[in-house]
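# sharing a model prediction with you, sequence too.
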Amino acid sequence: MIPVLVLVGIVVLVGLWAAGVYNKLVALRNRYQNAFAQIDVQLKRRYDLIPNLVETAKGYLKHERETLEAVITARNQAVSGLQNAAAHPGQPQAMQQLAGAEAGLSGALGRLFALAESYPDLKANRTMESLMEELTSTENKISFSRQGYNDAATAYNIGRESFPANLFAGSFGFGPAQLWEIDAPEQREAIQVSF
């Protein structure tokens, strides 16, 4: 009878230990998914500001249609990348697609801002100035949100790769979370807004 009780006790302890490991991984995964949701909020705000910015600039930049269309195209690609990444936060392909789309959008916005510098009337427009300030503020929030996401994804990856969780992580469906990394050096530069 005693050996059976000891065996049952060991099974219960192992079960509780496994449940603790599982719960820790769930908490870490939820933290990085929440951190991605914060990026999602800021990127949506950014995407909502861009059409207003383009509409304001249209009247002044009549001869620069190609640049305005490039910004809208890049914005639409970034929205698509965000939707895919939001459906699968942390998955490598989704995060790489989003990072690539964001790089394209940053480049298009940089060209728009450089072009806007050569139009004094546009620079003096209060609506344009207000939109630029909001966009600058949003860019800062995006940076902080990305940092928070990378911190949470790193904590999750450490948790799932550490012993003893690594023994169970794969079988419980806890795959690695992709960090939001910048591959190209030009992507590391912040969008310059100087109005």
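Yep, that arrived.

# low-scoring stretches of the protein, by residue?
Along the chain, segments meeting pLDDT under 70 span 123, 182-195.

# one more time with 50, if that's ok
187-188, 191, 193-195 (pLDDT under 50).

# can you tell me the centre-most residue of it?
Nearest to the mean C-alpha position of the chain, by Cα atoms, centre = their mean, lies residue 39 at 4.6 Å.

# tell me the helix or strand right after the host helix or strand of it.
Counting by DSSP states H and E, the element that carries residue 39 is helix 2-58. Going down the chain from helix 2-58, the next helix or strand is helix 65-87, by DSSP H and E.

# counting contacts, what elements does that next one pack onto?
Contacts defined by 3 or more Cβ pairs under 8 Å, 6 or more residues apart in numbering; DSSP states H and E place helix 65-87 against helix 2-58, helix 92-117. Backbone N, C-alpha and C define where each C-beta goes, glycine included.

# coming back round to it: could you measure from the residue nearest to the centre of the chain over to residue 111?
Distance from residue 39 to residue 111, counting by Cβ to Cβ, to the nearest Å: 24 Å.

# residue 26 and residue 138, how far apart?
31 Å.

# so if I had to pick from those two, which one is more boxed in?
residue 138 (18 against 12; other Cβ atoms under 10 Å).

# does that one touch residue 41 like I think?
No: applying Cβ atoms under 8 Å, one finds residue 138 not in contact with residue 41, separated by 10.0 Å.

# give me the three-state assignment for residue 171.
coil (DSSP: H, G, I helix; E, B strand; the rest coil).

# how many residues are close by it?
Count around residue 171 with other Cβ under 10 Å applied: 7.

# ok, residue 52 next?
15.

# do residue 142 as well
Residues near residue 142, counting by other Cβ under 10 Å: 18.

# grab the nearest non-local neighbour of it.
Closest residue to residue 142 apart from its sequence neighbours, by Cβ to Cβ, 6 or more residues apart in numbering: residue 42 at 4.6 Å.
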